[in-house]
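[1] Sequence first, then the predicted structure, then my questions.
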Amino acid sequence: METAKKRILTGNKAMAEAIALEMERDPSVFVLGEDIGNYGGIFGSTQGLIEKFGAQRVLDTPISETAFIGAAIGAAAEGMRPVAELMFVDFFGVCMDQIYNHMAKIPYMSGGNVRLPMVLMTAVGGGYNDAAQHSQTLYATFGHMPGMKVVAPSTPYDLKGMMISAIRDDNPVLFMFHKSLQGLGWMEQLDVSAEHVPEEAYTVPLDKAKVVREGKDVTIVGVQMMTHYAVEAAERLAKEGIEAEVIDLRSIAPIDKDTILQSVKKTHRLFVVDEDYKSYGMTAEVTAIVAEEVFYDLEAPPRRLANPDVPIPYSRPLEDFVIPNVDRIFEQVKALMDEE
Amino acid sequence: METAKKRILTGNKAMAEAIALEMERDPSVFVLGEDIGNYGGIFGSTQGLIEKFGAQRVLDTPISETAFIGAAIGAAAEGMRPVAELMFVDFFGVCMDQIYNHMAKIPYMSGGNVRLPMVLMTAVGGGYNDAAQHSQTLYATFGHMPGMKVVAPSTPYDLKGMMISAIRDDNPVLFMFHKSLQGLGWMEQLDVSAEHVPEEAYTVPLDKAKVVREGKDVTIVGVQMMTHYAVEAAERLAKEGIEAEVIDLRSIAPIDKDTILQSVKKTHRLFVVDEDYKSYGMTAEVTAIVAEEVFYDLEAPPRRLANPDVPIPYSRPLEDFVIPNVDRIFEQVKALMDEE
Amino acid sequence: MATFEEKQPAVSMEKLKWMYEQMVKSRYYEDQMVEVYTEGKAPVFNIGAGPVPGEMHLSTGQEPAAVGICVHLTKDDTVTAPHRPHHHAIAKGVDLKKMTAEIFGKETGLGKGKGGHMHLFDPDVKFSCGGIVAAGIPHAAGAALASKMQGRDWVAVAFIGEGAANAGAFHESLNLAALWNLPLIVVVEDNSYGISVPKASSTAVASNDLRAAAYGISGAYVKGNDPIAMYKASEEAVARARAGQGPTIIEIETHRYLGHFQGDPELYRDKAEVPGLRQLDPILKLRNMLLEAEQVSEKEIEKIEKQAKKKVDEAYQFARDSKYPEPESALKDVFTS
Amino acid sequence: MATFEEKQPAVSMEKLKWMYEQMVKSRYYEDQMVEVYTEGKAPVFNIGAGPVPGEMHLSTGQEPAAVGICVHLTKDDTVTAPHRPHHHAIAKGVDLKKMTAEIFGKETGLGKGKGGHMHLFDPDVKFSCGGIVAAGIPHAAGAALASKMQGRDWVAVAFIGEGAANAGAFHESLNLAALWNLPLIVVVEDNSYGISVPKASSTAVASNDLRAAAYGISGAYVKGNDPIAMYKASEEAVARARAGQGPTIIEIETHRYLGHFQGDPELYRDKAEVPGLRQLDPILKLRNMLLEAEQVSEKEIEKIEKQAKKKVDEAYQFARDSKYPEPESALKDVFTS
Ligand SMILES: Cc1ncc(C[n+]2csc(CCOP(=O)(O)OP(=O)(O)O)c2C)c(N)n1
Ligand SMILES: Cc1ncc(C[n+]2csc(CCOP(=O)(O)OP(=O)(O)O)c2C)c(N)n1
Ligand SMILES: [Mg+2]
Ligand SMILES: [Mg+2]
């Protein structure tokens, strides 16, 4: 009985639309970063903005991440609401001091007297053979450090809604978007990277995970690409009589414990899958939360699948070997179900 | 029947002695960093080196961490064996690109054809009210990223032996020393920061945790200050009839799973304590390893104690509240023993 | 008036008196801090003990840099300072009581005790500082950008040490500010040392105003720790910035009378250096100049001094009298809701 | 010889021929790569498909920068290159077969398939590159430091784009190299763009050789994408470095004929720009010059060209014929034991 017209937007267009809506609404919102002007963002996150808002509010920067992210902090402290883009998350190391010692800590160090209403958006993810310095997600690197909200939406709908929430939030938000979920014409076309997105502004909370598939036998927690793979794997598992509940984490920090714990209390089994490195990663945090809080609900040991602790290799068979995929999720969840 | 004369060295002197011995042995070893010359390192790690080896091999640098850590990488690729110092780990953000995208990845990206035999040493830790930008440990930040050996010795003996191992290792080693364990005259004097250290060169492995106190009732895993606190707490627990086994992790990456798993198989309970932030931290990784691998050996839920997810506050009562201490370890381990 | 090189400074007596007052206040503030910091740290020095623990970087001797430019600023202009921030904070008009309470870690402090001496934030007068070398320059550039985007004539001043001018943030921020023509002034306080490392061992060029050439902007060099010369160089730079004519680098020769931080054994430095410098003290010089100008009486000067010191004393008393924050408040202020 | 500005280059015919050969090889290499990269990416372009996936940054048009300085280098000198590294690698004498195999992700590649096009390491000729803008400058400074510490006269050359000169690493490394008098040469290839951003929108100064003033070192500017002028500027810089007289910044005006990466829609650039540039192609110019000098016959030139292309063809064939690494080998080479 769906009567509303479908507006199919790709992930990048959903993001760009969110930013545009907020720029219209609030003159203090502006965008800065490398190639976010005429180019529209290497991953399309700012497509069309310079045409709409001009070069005064859509600022192409030099390759000076420390300066322009630091400048975003300084401008935010003066009441502006900058949306800065770090082109690839992999480049964080040239500007992490600004991100972490300043953006994330100034609100706290000032006892709440300085607010930094800013968004730092950045592209994450591999799978297209861009090798060790352009393929990481680094979810846990940012999740580990207090003072930032860290989000990683998985769908065009959430990209738009969470971007609007992020811009309106008075706290610094690190907004990770996955390259493969932008729906770009020059990458592999994934069905999940385009969907109906309402025209108007709407918000999606920055601290809530989402059950994207219900099931009673096992809980699979993932984020971004791994969520989508998990859903695919779950469909295959269903054919073997295993009903997996799939949780899209969405928020890396703060992490939504409740949604995870409720699910595990129901399913009694936990599988966590992550595109990031394994050690000290998201799979560890989720597993530890569950082990600590609902230990007695578990009927089998929790299982983790993530990038093994190696840099991301270039060559296709090597990259395919390290990044988790549907097959491996399927097999390992099956093995988990065979436990006990 | 101990007949050898005791040479009591503080942590910093043990480290400096290790570097001196290696500089004598191998002309390709040199040291660079801020205030590591005449000053002898802000935390005394290079004390006496410039007097012995001169300014040609002990190089004071400008405040240009990207340049000098990058230069260490370039020199290591040419067969030198640099020991670089990042004064406080908290400054990693101005040079993380060199540390992580280059130092840690070049050996892998080159298919093993480029070796980077270098040590990056850095001071970690709080507890003396140096506030949010000078008090962190960031163990997990470095442990999460593959390609580096990451060590955090807890005693003068290990500081010397692991430094010698680190310098001789053909891989990049991130060497974290804890300020409070350097035995410096201007910090609180801790008994554990000075002990007998043999005069000659010796090595301590970079990938082995150490059982520093045996016990049968519960395993406590910690590193650096938390190990020492755990031992103190264990003594108090012993008075209440609880025998805790305390493991000094020593290696953040790669983590020594075996030692931990063996212990938990014996004690059936796990408590992990960390001076670093809790989420996505060391307590998560250790807990997850145990939950995944020896789930059925656990008789109670594992417990974690770490810095809550807030930047480290300056004021004494606030800092005391966030950094775990002996009392809290004692209480929480007792609570863990009461489980079931 | 013969003590400073500029014979006829076109500086109003009012401004001179203001500068003198701030310098006295700043100096006295640091003198008191030397004492307070030592409390609880004897007989054995322990950095974590006493009413004021942690690192302590004092600015004694460096007052001219701060007052010579802040005299041209209003509440609406932004100042970012580094790890050695007290003189800048005082010259910018930061609430002295709250600042001192913050340094004592009290709940009445600027940051409710969460920040500490290197992390003072007073948004009311747009002042901030931080413990990471050179990191404040981009923040000032951002404030300058905000001013420009909002169509204001507000300027932003980033204070840094000469050691900091070799950090990447310096280059990136100045290029950005020059490119975007931002009202940014970077003041480099050359106190000869970055901790123990002398300028000649850190800086490939004689002075950092020369680096203005790398950005096509203006540079100025102020010799002799001279507040009047600093006043003049700053007057030009601030006017240029307000007029939308872009950034300036000002380097001032100044002197750090104390150690890098309190407790610094200073083994890298000739013991005779500081006593020599103190003989040429800029506060003394300005005092003599004011008297010689004969527009200010000894009595008036004493009144200025007394008033300045009184404010400092009150601030310390306020800090001592204030309460420590509740331990659990450590968990607050990470996020606002 | 009238086509280049310098009428009587003091360059031996042998070196000219070497430069010509390398330029031809480099150009042909990239031309082939354009084709290979497209394989498997039609009808729909998909960056992850085909025998060569991932980003691909080609250097077509920028050959003079690489050959003009590498002609002065030996195997013992170090070169670090950025994300657009093929011309540098070829001019430095990197093993062409292993390099191509690496770009194809094969186990016979320089990095056994782990590195890829932006991460080529050939320690035999001391060549490396990387995908992070400006990050290679400190590595070259470190190689220069090692050379100095070991008492060698080896030099290190860091190639970067004009966009990279605004990164902090540029400033920090040049200050360090100047301070320590290291044999470092930074070659800035000004191809007018950093991805889509024109130089005027990224760089506050007309050219980066002017930034030499910020470090008290030498700077040189090479106009017109001219390999002979590059030869001369480099000759001086390399001689200075070998003689222990410190670093140099050389900026060369050059041109990127293709997109930033293959697949770049180049909407930010006038479609007429590249055809115009191609008319002034430096390879053509050098060819004409060699012929006009009448010391090289058309036949010899053709032989050089044929030989260069043959080596490239062989390298591509080698890459195609090689095997992919075993998937499990992804777990190797993190650490040596
Ligand atoms: C990025 C970074 N590196 C190193 C330090 C340690 N450090 C603090 S102050 C200082 C020296 C600063 O020298 P300068 O800029 O001249 O300022 P001064 O202390 O002389 O006022 C250093 C190295 C730091 N805080 N941040
Ligand atoms: C630190 C960092 N920031 C951004 C990028 C993304 N990026 C890759 S190449 C490039 C442009 C480089 O321009 P330039 O230095 O002029 O070199 P060119 O591509 O023109 O050869 C950018 C922004 C990166 N790789 N590293
Ligand atoms: Mg200084
Ligand atoms: Mg360019």
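    The structure has been received and is ready for your questions. Ligands and ions are numbered 1, 2, ... in the order given.
[2] For the strand or helix carrying C:Glu102, which helices and strands make contact with it?
    Per DSSP states H and E: C:Glu102 is located in helix C:96-103. If contacts are counted by 3 or more C-beta pairs under 8 Å, 6 or more residues apart in numbering or on different chains; DSSP states H and E, helix C:96-103 sits against helix C:86-92, helix C:298-321. Where you see a C-beta, it was placed from the backbone N, CA and C, and this is true even at glycine.
[3] Of all the ones you listed, which one is nearest B:Met176?
    Among the helices and strands packed on helix C:96-103, the nearest to B:Met176 by C-beta to C-beta is helix C:86-92 (31.8 Å).
[4] Could you see whether chain B lies near the closest one?
    No: for helix C:86-92, no contact with chain B is found by C-beta under 8 Å from any C-beta of the partner chain; the gap never falls below 15.4 Å.
[5] and of the helices and strands packed on helix C:96-103, who's closest to C:His57?
    helix C:86-92 (8.5 Å).
[6] quick check: angle from the host helix or strand of A:Ala76 to helix B:65-77?
    Element membership of A:Ala76, judged by DSSP H and E, is helix A:65-77. When axes from the mean of the first three to the mean of the last three C-alpha atoms, to 10 degrees is applied, the directions of helix A:65-77 and helix B:65-77 differ by 160 degrees.
[7] gap between helix A:65-77 and the chain center?
    Distance of helix A:65-77 from the chain centroid (C-alpha atoms, centre = their mean, to the nearest Å) equals 22 Å.
[8] Strands along the stretch 201-337 of chain C, start to end?
    Counting by DSSP state E, counting those that start in this stretch, residue ranges of the strands within the stretch 201-337 of chain C are C:218-222, C:248-253.
[9] Okay, now the sheet partners of the longest one, with direction.
    Each strand paired with strand C:248-253, and its direction, by DSSP bridges: strand C:184-190 (parallel), strand C:218-222 (parallel).
[10] I would like the residues contacting the last one, please.
    Counting by C-beta atoms under 8 Å, 6 or more residues apart in numbering or on different chains, strand C:218-222 makes contact with C:64, C:68, C:207-213, C:229-230, C:233, C:236-237, C:240, C:246-253, all of which sit outside it.
[11] Check the first one too.
    By C-beta under 8 Å, 6+ apart, the residues outside strand C:184-190 that reach it are C:62, C:65, C:69, C:137, C:140-141, C:144, C:155-162, C:164-165, C:170, C:173-174, C:177, C:199, C:207-209, C:234, C:237-238, C:241, C:247-254.
[12] quick revisit: among the strands of the stretch 201-337 of chain C, which is nearest B:Val273?
    B:Val273 lies closest, by C-beta to C-beta, to one member of the strands of the stretch 201-337 of chain C: strand C:248-253, at 48.5 Å.
[13] list the buried ones in the closest one?
    C:Thr248, C:Ile249, C:Ile250, C:Glu251, C:Ile252, C:Glu253 (16 or more other C-beta atoms under 10 Å in any protein chain shown).
[14] now stretch C:320-328
    C:Ser322, C:Tyr324, C:Pro325, C:Pro327.
[15] Quickly note the distance from C:Asn181 to chain B.
    27 Å (C-beta to the nearest C-beta, to the nearest Å).
[16] on that earlier part again, want to throw the buried residues of strand C:248-253 into CSV with pLDDT and distance to ligand 4?
    CSV is the format used below for those (pLDDT from 0 to 100; distance: C-beta to the ion, whole Å):
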residue, pLDDT, distance to ligand 4
C:Thr248, 98, 29
C:Ile249, 98, 26
C:Ile250, 99, 32
C:Glu251, 98, 32
C:Ile252, 98, 37
C:Glu253, 98, 39
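[17] residues contacting the one residue in chain C that gets nearest to ligand 3?
    Residue of chain C nearest ligand 3, by C-beta to the ion: C:Gly161 (3.5 Å). C:Gly161 is in contact with C:Pro82, C:Arg84, C:Val133, C:Val188, C:Glu189, C:Asp190, C:Asn191, C:Gly194, counting by C-beta under 8 Å, 6+ apart.
[18] shaky segments in the stretch 1-150 of chain A?
    For the stretch 1-150 of chain A, the stretches with pLDDT under 70 are A:1-4.
[19] Where do the helices of it begin and end?
    Taking DSSP state H, counting those that start in this stretch as the test, the helices found in the stretch 1-150 of chain A are A:11-25, A:49-53, A:65-77, A:96, A:106-109, A:139-143.
[20] same question, the stretch 101-250 of chain C
    Secondary structure of the stretch 101-250 of chain C (DSSP H, counting those that start in this stretch): helices at C:136-149, C:168-179, C:227-242.
[21] quick one: is the shortest one near ligand 1?
    Same thing as helix C:168-179. No: judged by C-beta under 6 Å from any ligand atom, helix C:168-179 stays clear of ligand 1, getting no closer than 8.5 Å.
[22] Stretch A:63-74 now?
    No: using C-beta under 6 Å from any ligand atom, stretch A:63-74 stays clear of ligand 1, coming no nearer than 10.8 Å.
[23] Just the buried ones out of the contacts of strand C:218-222, please.
    Here, 16+ other C-beta under 10 Å leaves C:64, C:68, C:207-213, C:229-230, C:233, C:237, C:240, C:246-253 buried among those.
[24] circling back to that earlier point, a markdown table for the strands paired with strand C:248-253, including mean pLDDT and mean neighbour count?
    Shown next, in a markdown table, are the strands paired with strand C:248-253 (pLDDT from 0 to 100; neighbours: other C-beta atoms under 10 Å in any protein chain shown):
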| stretch | mean pLDDT | mean neighbour count |
| --- | --- | --- |
| strand C:184-190 | 98 | 30 |
| strand C:218-222 | 98 | 22 |
